[in-house]
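Sharing a model that was predicted from the sequence below.
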Amino acid sequence: QVQLQESGPGLVKPSQTLSLTCSVSGGSITTNYYYWSWIRQPPGKGLEWMGSIGNSGGTAYSPSLKSRTSISRDSSKNLFTLQLTSVTPEDTAVYYCAREYDGFGTWYSDFWGPGTQVTVSS
């Protein structure tokens, strides 16, 4: 059973960089076919896919967030990270990490972390 756990500060000041870590257990982040993603949900809104990192280290980002987002990994610790720069109160959300895979052209997410609340406020 794959388990994911988000960690990081719950409060970030405007203009600063939001940094989160997703620790993975029960499966390797270098396993073929899987992508490791960050997804967020602002209050009262739907889920927003932010980006992902693949088993070989390649990354993909949402076009709307690409200029501010960076996803990286530490294979030795089996974790991946999110950095979101120049945050504003509109970046306040519950942030999730998840495992995704491409099922013949349709993307699925089969394991999620519990989520972590991040509030952007001075």
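Great, that's in hand.

Which strand residues bridge L84?
In this entry, L84 is beta-bridged to L18, T69, by DSSP bridges.

Surely it and Q16 touch.
No - the pair L84 and Q16 fails to qualify as a contact (C-beta atoms under 8 Å) at a distance of 9.7 Å. All C-beta atoms are positioned from the backbone trio N, CA, C, and that covers glycine.

Which one of these two is surrounded by more residues?
More neighbours surround L84 than the other of L84 and Q16, with 24 against 14 (other C-beta atoms under 10 Å).

residues contacting the more buried one?
By C-beta atoms under 8 Å, 6 or more residues apart in numbering, the residues touching L84 are T17, L18, M50, L65, R68, T69, D91.

same thing but 6 Å
Applying C-beta atoms under 6 Å, 6 or more residues apart in numbering to L84 gives the contacts L18, R68, T69.

Next: A93.
R40, Q41, P42.

partner residues bridging the first one?
Beta-bridge pairing of R40 under DSSP bridges involves E48, Y95.

Look at it and say how many residues are nearby.
Counted with other C-beta under 10 Å, the neighbours of R40 add up to 23.

got a pLDDT number for it?
Model confidence at R40, expressed as pLDDT, equals 98.

Would you agree it is in contact with C97?
No - R40 is beyond contact range of C97, at 10.2 Å (criterion: C-beta atoms under 6 Å).

For G54, which non-adjacent residue is spatially closest?
Y35 (5.0 Å; C-beta to C-beta, 6 or more residues apart in numbering).
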